[in-house]
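A.B. asks: Provided below are the primary sequence and the corresponding predicted coordinates.
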Amino acid sequence: MKKERIQVYEPAFCRIDIWLHRHFPEVSRSLIIKLIREGKIKWNGETITKASKVVRPGDILEICWPVEDISHPPPQNLPLDVIYEDKDILVVNKRAGVTVHPVSPWEGGTLVNALFYYQISLSQYGFPLRPGIVHRLDKNTSGVMVVAKSDPAYLHMIGEFRVRRVEKEYLAVVEGRWKGERTIELPLGRSARNPCRMEVRKRGGREAYTEIEVVEEGEELSLLLVKPKTGRTHQIRVHLASQGYPIVGDTVYGSKRGGEFFSRPALHAFTLSFYHPSGEWVSFAASLPQDLRNLISMIL
């Protein structure tokens, strides 16, 4: 068994089984209910057996996780480019080709595997497969990410992303000389034909808003500074492609030159700015990987 002690910080009142499943999404709700009925979860020192128990701000939960059913990914010695670290957060420059977290305990090569290897303290929210992960980048997108090291920091950062107080800037190289809109406001949803793809959907889509600044223009390529104001899946990739300017290397969304000289979407999370859990406004930037530097040099 793995014993864990966690405090409830949110102001909302909620059933304990729902609260636990919300914050430990990789653990099935049925397993959580089973643990409650077996007396494996304590509420403020008291063993409970009913999943309908309501948790409140300040409550202390003690959980005995069955390690045979729940285990975190194995530590792996993988490169980790740390931009900043304190007791609350870790800011990293994620490499292209690295998935943020595994979808099963046996998957390897992810950012979470590296965090475990370097024994970095992580928020228990998201346990066991994505502890401390408050946002994600696509596997082949490089750039700046923030990870929560404490539970209060996790809840703070999740709240900041939810109310859209986090400012994000990406660098993207697109095919063509940009003549598209500088503000793109098109709703997005999953493709009915291919659920792995997103698409512009006038009906049933979720609002998505992106601002564009042209940094450099070449004869065949353009370098853009992209500011997504919402955080939809594949938002930048779909919005740019919707204007007729797919990201170089993004063959999923229409790139015709992906295999020619760039093997992944030419997209980099450049800066990330937000209110630190301490209340201070902070900004971080991630240096560009060499492959993207080489591509940009073709425009300049």
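C.D. replies: On my side now, so go ahead.

A.B. asks: the most centrally placed residue in the chain: what secondary structure?
C.D. replies: Against the mean C-alpha coordinate of the chain, by C-alpha atoms, centre = their mean, the closest residue is residue 136 at 1.5 Å. Using DSSP: H, G, I helix; E, B strand; the rest coil, the secondary structure recorded for residue 136 is coil.

A.B. asks: distance check, it against residue 147.
C.D. replies: For residue 136, the distance to residue 147 (C-beta to C-beta, to the nearest Å) stands at 11 Å. (Glycine included, C-beta is placed from N, CA and C.)

A.B. asks: can you pull out the strands in the stretch 51-200 of the chain?
C.D. replies: 54-55, 60-65, 82-85, 89-94, 142-148, 167-175, 183-185, 188-190, 198-200 (DSSP state E, counting those that start in this stretch).

A.B. asks: what separation is there between the residue nearest to the residue nearest to the centre of the chain when sequence neighbours are not counted and residue 281?
C.D. replies: If the residues on either side of it in the chain are set aside, residue 136 comes closest to residue 100, at 4.5 Å by C-beta to C-beta, 6 or more residues apart in numbering. According to C-beta to C-beta, residue 100 stands 25 Å off from residue 281.

A.B. asks: higher neighbour count, these two?
C.D. replies: residue 100 (18 against 10; other C-beta atoms under 10 Å).

A.B. asks: wait, what's in contact with that one?
C.D. replies: Neighbouring residues of residue 100 by C-beta atoms under 8 Å, 6 or more residues apart in numbering: 94, 110-112, 130, 133, 136-137, 139, 145.

A.B. asks: distance of it from residue 153?
C.D. replies: Residue 100 is 17 Å from residue 153, where distance means C-beta to C-beta.

A.B. asks: likewise residue 276?
C.D. replies: Remark: distance between residue 276 and residue 153 (C-beta to C-beta) = 9 Å.

A.B. asks: equivalent analysis for residue 298, please.
C.D. replies: Distance of residue 298 to residue 153, computed by C-beta to C-beta: 40 Å.

A.B. asks: who has more neighbours out of those two?
C.D. replies: Just comparing residue 298 and residue 153: by other C-beta under 10 Å the higher neighbour count belongs to residue 153, 24 against 15.

A.B. asks: got the contact list for the residue nearest to the more buried one when sequence neighbours are not counted?
C.D. replies: Spatial nearest neighbour of residue 153, chain neighbours left out: residue 88 (3.9 Å); criterion: C-beta to C-beta, 6+ apart. The contact partners of residue 88, by C-beta under 8 Å, 6+ apart, come to 148-150, 152-153, 276-278.

A.B. asks: at 6 Å what do you get?
C.D. replies: For residue 88, the contact set (C-beta atoms under 6 Å, 6 or more residues apart in numbering) comprises 149-150, 153, 277.

A.B. asks: verify the contact between residue 53 and residue 16 for me.
C.D. replies: Yes - contact criterion C-beta atoms under 6 Å: residue 53 and residue 16 qualify, at 4.6 Å.

A.B. asks: quick one, which of the two is more surrounded?
C.D. replies: residue 16 (22 against 17).

A.B. asks: these two touch, right, that one and residue 55?
C.D. replies: Yes - contact criterion C-beta under 6 Å: residue 16 and residue 55 qualify, at 5.1 Å.
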